[in-house]
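Trainee: Next input, structure requested:
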Amino acid sequence: FRTALSNNHRLASITTKPSISSRPGTRRQSLRSSDTSSISSAVFDISRGGASKSKAEGGKASVTTSIFNLANNVAGAGILTLAAGKASGTGWIPSILICATLALCSSHTFILIAKACEMTGEKTFKGLWSTAFGPKTAWIVDSMVFIQCFFVSIIYTGLLGDIFSALLSKSSLPASLTSRTSIILIAASCILWPLNNIRDLSSLGFTSILGLFAVLYTVFFIVVRSLDGTYALDPVGKFVAEGVITPPSFEKSTLWNFDLNSLVLMSNLGLAFIAHYNGPTYWRSLANATTERFTKVSMSAYAILASIYLTVMTRGYATFGDVCKGNILLNYSASDVLSTLGRLATGFSIIFGFPLISNGAREGLKNASSALGNTAISDPKNHVKLVTALLIVTTTLAISLSDIKLVAGLTGAVMGSSLVYICPTLIYAKIVEKLKGRDSADYKAAKRNLLFIPFGLFTALMGVAMTLKNTVLAK
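Mentor: Here you go, the predicted model:
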């Protein structure tokens, strides 16, 4: 979200200057989690009008560098929702198996994107889609980018309200100024609106380091608090003894339980593993790019991501159990110094990463509307109006949806399934069919990947249903 919140709070260089976009490793997708770098790079590629048929220029990134960049760019605020996903009722063993299996599946479909790039010479996800299904359908990709970025914007805005209202709850400021709603309104009007009107976002490059620090520090303090007994029930930890936080509960904790509620966790992980529409960017940045070298990059990076996600999910649940909130940071005491530092690091990385995500939403909307015949939205004269309109809608929804678990779950279910399981397999199979023929052995092998489509559709539909059941309908 990526949050996951997951996909997904990673930096990407988005600008109208091609030289900015071409620098690999400057991005940061998570709460793709989704999510900032992957979204933003894809948006820049889309804004350039798709792909070129010529062979991609040789990249300079080594396998090791590419592994680090991919893991760094995908891991993000999405990790904050994973413990709540497990708390929906999934046992310990199934939770671990679900995370490992989805990481393996996500890595496999990510590799399919690289194979398609190798066969066609395309440089962007939009270019691959146009090659497979024709340029007239390219607006579908633009729409996906808009939807993904738009919902991640809502998640980010909600996180800002959660984080800073908790930080200021013990300050001397009036309660009317420190409530979640007030924080969101103040942040949107005084901080996010000016930042969103910046045309050249390359000056926000430093947030890549800030985002990485926030992720690593969050993992560190969650592990520490799960082991030091300060939130324990027996003996009662010092933060539980304060009587302020909701005490941990483990009534639903089981070893093997696996049911439809597990789809909530699958939806959250779907968002946290999204990187696929930026697959061509990693392909063209890899030195001496081959499918074998890219496979090593993908498998290694997703193994690292799975390790990070498993650590946060299991240690967060081990600390709070069934009462884990959609934003795990809200479970910790306001007097906990370690969690306070985590909130600050995450909060500021979200503030400066937000313009990248919102820019992705705008570019996706402008490109999709232009492809469908409406060019007014793309007019530079309407930039401020578009920024204002989208921010108003984002802010309103963030205030209305008080628990980011709902938005993260729905986004992960729909967009995670579409971008991770369905689109890559459709693109790859169609390209193999066009280049090799329907009767070829290569196409028959490629068709096996289409089994991901019913899986993606099932997880999308049931993920939406179970997310609504455990949030809206549970009230």
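
Trainee: which of the residues in the longest helix that the chain contains are buried?
Mentor: If you go by DSSP state H, the chain has its longest helix at helix 337-371. In terms of neighbour count (16 or more other C-beta atoms under 10 Å), helix 337-371 has its buried residues at 338-340, 342-343, 345-369, 371. Every residue, glycine included, has its C-beta placed from N, CA and C.

Trainee: what's the helix or strand following it in contact with?
Mentor: Proceeding N to C from helix 337-371, the next assigned helix or strand is helix 383-400, under DSSP states H and E. Applying C-beta atoms under 8 Å, 6 or more residues apart in numbering, the external contacts of helix 383-400 come out as 150, 153-154, 157-158, 161, 180-181, 184-185, 188, 192-193, 196-197, 199, 358, 361-362, 365-366, 377, 407.

Trainee: now those: which count as buried?
Mentor: Judged by 16+ other C-beta under 10 Å, buried ones among the contacts of helix 383-400: 150, 153-154, 157-158, 161, 180, 184, 188, 192-193, 196, 358, 361-362, 365-366, 377, 407.

Trainee: what stretches of this structure score poorly on pLDDT?
Mentor: Where the chain drops to pLDDT under 70, the residues are 1-58, 77, 200-209, 474-475.

Trainee: circling back: other SSEs contacting the longest helix of the chain?
Mentor: Helix 337-371 sits against helix 36-47, helix 139-167, helix 193-196, helix 207-227, helix 383-400, with contacts defined as 3 or more C-beta pairs under 8 Å, 6 or more residues apart in numbering; DSSP states H and E.

Trainee: Just name the most buried of these.
Mentor: helix 36-47 (a mean of 32; mean count of other C-beta atoms under 10 Å).

Trainee: by how many degrees do the helix or strand following that helix and helix 207-227 diverge?
Mentor: Next along the chain after helix 36-47, taking DSSP H and E as the criterion, comes helix 63-74. Orientation check (axes from the mean of the first three to the mean of the last three C-alpha atoms, to 10 degrees): helix 63-74 against helix 207-227 gives 80 degrees.

Trainee: Beyond helix 63-74, next helix or strand please.
Mentor: Following helix 63-74 toward the C-terminus (DSSP H and E): helix 82-87.

Trainee: Switch the helices and strands packed on helix 337-371 over to TSV; also include distance to D442.
Mentor: Output for the helices and strands packed on helix 337-371, formatted as TSV (distance: least, C-beta to C-beta, whole Å):
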stretch	distance to D442
helix 36-47	27
helix 139-167	25
helix 193-196	46
helix 207-227	39
helix 383-400	43
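
Trainee: Ok, which of the ones you listed comes nearest L104?
Mentor: Closest of those to L104 is helix 36-47, at 19.0 Å (criterion: C-beta to C-beta).

Trainee: State whether L80 and I328 are indeed in contact, as I suppose.
Mentor: Yes - using C-beta atoms under 8 Å, L80 is in contact with I328, at 5.1 Å.

Trainee: neighbour-wise, which of these two wins?
Mentor: L80 (39 against 26; other C-beta atoms under 10 Å).

Trainee: ok, now how distant is the more buried one from K86?
Mentor: Per C-beta to C-beta, to the nearest Å, L80 is found 13 Å from K86.

Trainee: same check, this time on T319
Mentor: 12 Å.

Trainee: which one is T230 nearest to, not counting chain neighbours?
Mentor: Counting by C-beta to C-beta, 6 or more residues apart in numbering, G237 is the residue found nearest to T230 once chain neighbours are left out, at 4.3 Å.

Trainee: L233 now?
Mentor: Distances taken as C-beta to C-beta, 6+ apart put P248 closest to L233, at 5.8 Å, once the chain neighbours are dropped.

Trainee: right, and that neighbour touches V323 too?
Mentor: Yes - here P248 lies in contact with V323, judged by C-beta under 8 Å, at a distance of 6.3 Å.

Trainee: contacting residues around the residue nearest to T230?
Mentor: By C-beta under 8 Å, 6+ apart, the residues touching G237 are 229-231.

Trainee: tell me the angle of the longest helix of the chain relative to helix 139-167?
Mentor: Per the same axes, to 10 degrees, the angle that helix 337-371 makes with helix 139-167 is 150 degrees.

Trainee: So that it lines up with my notes, have the first residue be 28 from now on.
Mentor: Happy to do that; since the first residue is 28 now, the last one works out to helix 364-398.

Trainee: centre of the chain versus helix 364-398, how much separation?
Mentor: Mean-position distance between helix 364-398 and its chain equals 11 Å (C-alpha atoms, centre = their mean, to the nearest Å).

Trainee: ditto for stretch 255-270
Mentor: Mean C-alpha position of stretch 255-270 versus that of the full chain (C-alpha atoms, centre = their mean) differs by 33 Å.
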